[in-house]
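[1] pasting the sequence and the predicted coordinates here, then a few questions.
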Amino acid sequence: MRFSFAIVSMATATVELLVAPRGARAAVLTPTGPGTEEVNAQGHREGIRPGWEASAGIGSGFSGTYGLGYEGRLGYTLPVGAYFGAQVQAFYGQGAVDQKAHGTFFGVEGGYKLYPLPPVEIRPYLFLGPAFITEVSTNPTTVSSKTGFAVQPGALATYHLGPAFVGGDFRFLATPGPFGVALMGTVGLGL
């Protein structure tokens with residue numbers, strides 16, 4: 001239900017942008033949701049708005065095991081800019097016969113929000129959690145499944161529009177092997 005609310009909210013904000021007068025557009029575009037930077041009337045930065053945010057992404061891991069991927073996040077931002085949350089990721093790669101390579105990750109992440117400009121967020125983070133990986137080789141056909149502990153350093157870059165945001169997520173799939181990199185396009189909403 002919250003996901004449906006997020007989609008309706010983002011669609012409403014887009015329509016408002018298209019039909020609103022110029023002065024009203026500035027108000028709609030001003031970052032207002034949890035996890036965004038607070039700026040006072042004089043333009044001085046006052047910290048980060050605390051609160052919950054959720055996001056979803058789709059992209060690729062650019063390898064045989066980590067092909068098409070998607071992710072979902074839910075996290076909380078503290079007033080000092082520290083971010084803590086939970087995340088799930090799934091990647092689907094190459095296949096052979098009736099087997100398909102894939103990787104699934106569940107875990108927690110911690111990061112810190114930086115704002116070079118009020119609407120632009122850069123968040124370096126570290127993801128930690130269990131990993132379930134199946135690798136498929138085609139010549140000869142072999143299937144190898146393993147469970148391990150994932151360590152994934154990365155960075156999220158987003159542009160905030162009111163309570164919503166769009167951006168990109170880059171991560172190193174460091175452990176367990178196979179090593180890879182992933183790039184996801186992401187959309188989200190402060191709750």
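    Ah, there it is.
[2] now the spatially closest residue to Gly111 that is not a sequence neighbour: how far from Asn40?
    Spatial nearest neighbour of Gly111, chain neighbours left out: Tyr125 (3.1 Å); criterion: C-beta to C-beta, 6 or more residues apart in numbering. No exception for glycine: its C-beta is placed from N, CA and C like everyone else's. Distance of Tyr125 to Asn40, computed by C-beta to C-beta, to the nearest Å: 28 Å.
[3] beta partners of the residue nearest to Gly111?
    Gly111, Gly154 (DSSP bridges).
[4] that one against Ala157, yeah?
    No - contact criterion C-beta atoms under 8 Å: Tyr125 and Ala157 do not qualify, at 11.5 Å.
[5] who has more neighbours out of the two?
    Tyr125 (22 against 15; other C-beta atoms under 10 Å).
[6] let me know the pLDDT of the most far-flung residue of the chain relative to its centre.
    In terms of distance from the mean C-alpha position of the chain, Pro140 ranks first, at 36.6 Å (C-alpha atoms, centre = their mean). For Pro140, the model assigns a pLDDT of 77.
[7] quick check on it: phi, psi?
    When read as degrees, to the nearest 10, the backbone of Pro140 gives phi -80, psi 160.
[8] ditto for Gly177
    Main-chain torsions, Gly177, degrees, to the nearest 10: phi -70, psi 160.
[9] with Arg49 instead?
    phi -70, psi 120.
[10] show me what contacts it?
    32-38, 77, 79, 190 (C-beta atoms under 8 Å, 6 or more residues apart in numbering).
[11] where does pLDDT dip in this protein?
    For the chain, the stretches with pLDDT under 70 are 1-28, 97.
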